[in-house]
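Visitor: could you work out the structure for the sequence below:
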Amino acid sequence: MRIAVTGSIATDHLMTFPGKFTDQLIADKLDKVSLSFLVDELAIRRGGVAANIAFGLGVLGLRPLLVGAVGADFEEYRNWLEQHGVSTAGVRESMLRHTARFVCTTDADGNQIGSFYTGAMAEDAEIKIVPLAAEHGIDLVLIGAGDPGAMVVHTAECRQAGLKFAADPSQQLARILGDEQVRALVDGADYLFGNEYEEALIERKSGWGSAEILARVGVRITTLGAAGARIDRQGQPPITVPAVPDAKPADPTGSGDAFRSGFLAAVAWGLSLERAAQLGNLMAVHALESTGPQEYNLKPGPLTERFATAYGDAAAAEVATYLPA
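Guide: Numbering: from 1, shown residues only. Here you go, the predicted structure:
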């Protein structure tokens, strides 16, 4: 199975201010704020929902097709992704805008001031999915969080062409205001991803209860944080898969994206939904224990050993068959 991944492609520029923002604010001058903070550290990390998921699929050996719009500043990032098994043949370079960018400064108290520049992501809706799918032999399209308009357009295109798709609106649910938009993103999905909060938000915004959503999607996957993941299907008992024990969190950014890459990799290999959730949990822990969503190092031997510890030797052996050398 060949998978295409749509959604945001971005870089995070993260800075640290050693003082406190509140010490610099004057109560009776808040209507005319003009401040500059001298920062001590700058970390630039590769990110974006689509790029994170594609990275995970790439290091698992699936050669996914990344789909999205970027700027002329993307070349170094492109090389990184290609080196880690991602095809960027579906990436369009904007003639006008830079690659999307999140810029954030954190002070000594953990307060943050951030800005997100959408940049080239605003052009995602201009990319046509069906011709790419035909050219690259795509069997499943994951429609991840990105430009809301593009998400709706890509979903409609997949539905009209009969192309299987996975819905993963996640962070953009707050931006998608209309119930018709939410319904359009969910209805007919072969897979629907979300965490517990997003699960409730989808139901509230769509006006559909859990039973009705299960009647409209193939498989609903809900991540439960430290409790693992749950898989629901219409007319079937839920499958609950516990999390990997003894995780040592360093940075939660990108762990949900890593879960999706593990889950979809197992689906592409033809493994059971239980194995898919187990591999998803293991990939999520790899990201959770690294600083940055694409900084984890995947080694088949240690991964198999940890899989066996968490889920048993038979489950680990089944997955190990498909891991790249």
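Visitor: in which helix or strand would I find Leu14?
Guide: strand 10-16 (DSSP states H and E).
Visitor: partners of that strand, with directions?
Guide: According to DSSP bridges, strand 10-16 forms sheet pairs with strand 41-47 (antiparallel), strand 100-106 (parallel).
Visitor: okay, these, which one's buried deepest?
Guide: Mean neighbour count (mean count of other CB atoms under 10 Å) peaks for strand 100-106 among the strands paired with strand 10-16, with a mean of 18. In short, each C-beta sits where N, CA and C put it, glycine included.
Visitor: and it, how far from the chain's centre?
Guide: Relative to the centre of its chain, strand 100-106 is centred 18 Å away, using CA atoms, centre = their mean, to the nearest Å.
Visitor: coming back round to it: quick check: mean pLDDT of the strand holding Leu14?
Guide: The average pLDDT for strand 10-16 rounds to 91.
Visitor: make JSON lines from the strands paired with strand 10-16 and add distance to Leu271 and mean pLDDT to it.
Guide: Putting those into JSON lines (distance: least, CB to CB, whole Å; pLDDT from 0 to 100) gives the following:
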{"stretch": "strand 41-47", "distance to Leu271": "28", "mean pLDDT": "91"}
{"stretch": "strand 100-106", "distance to Leu271": "33", "mean pLDDT": "90"}
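Visitor: turn the ones you listed into TSV, columns for distance to His154.
Guide: Compiled in TSV, the strands paired with strand 10-16 are given as follows (distance: least, CB to CB, whole Å):
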stretch	distance to His154
strand 41-47	20
strand 100-106	17
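Visitor: and of those, who's closest to Ala247?
Guide: strand 41-47 (20.3 Å; CB to CB).
Visitor: quick check: next helix or strand after the closest one?
Guide: helix 49-59.
Visitor: between that next one and strand 41-47, how big is the angle?
Guide: For helix 49-59 against strand 41-47, the angle by axes from the mean of the first three to the mean of the last three CA atoms, to 10 degrees is 70 degrees.
Visitor: what lies in contact with the strand holding Leu14?
Guide: Where contact means CB atoms under 8 Å, 6 or more residues apart in numbering, the residues beyond strand 10-16 that reach it are 37, 39-48, 51, 77, 99-106, 116, 121, 253.
Visitor: what about 6 Å?
Guide: Applying CB atoms under 6 Å, 6 or more residues apart in numbering, the external contacts of strand 10-16 come out as 39-45, 47-48, 100-106.
Visitor: out of those, which is nearest to Val33?
Guide: Thr105 (14.2 Å).
Visitor: who's the residue lying closest to that closest one once chain neighbours are set aside bridged to?
Guide: The shortest distance from Thr105 to any non-neighbouring residue, by CB to CB, 6 or more residues apart in numbering, is to Met15 (4.5 Å). Beta-bridge pairing for Met15 (DSSP bridges): Leu42, Thr105.
Visitor: brilliant, that's me finished.
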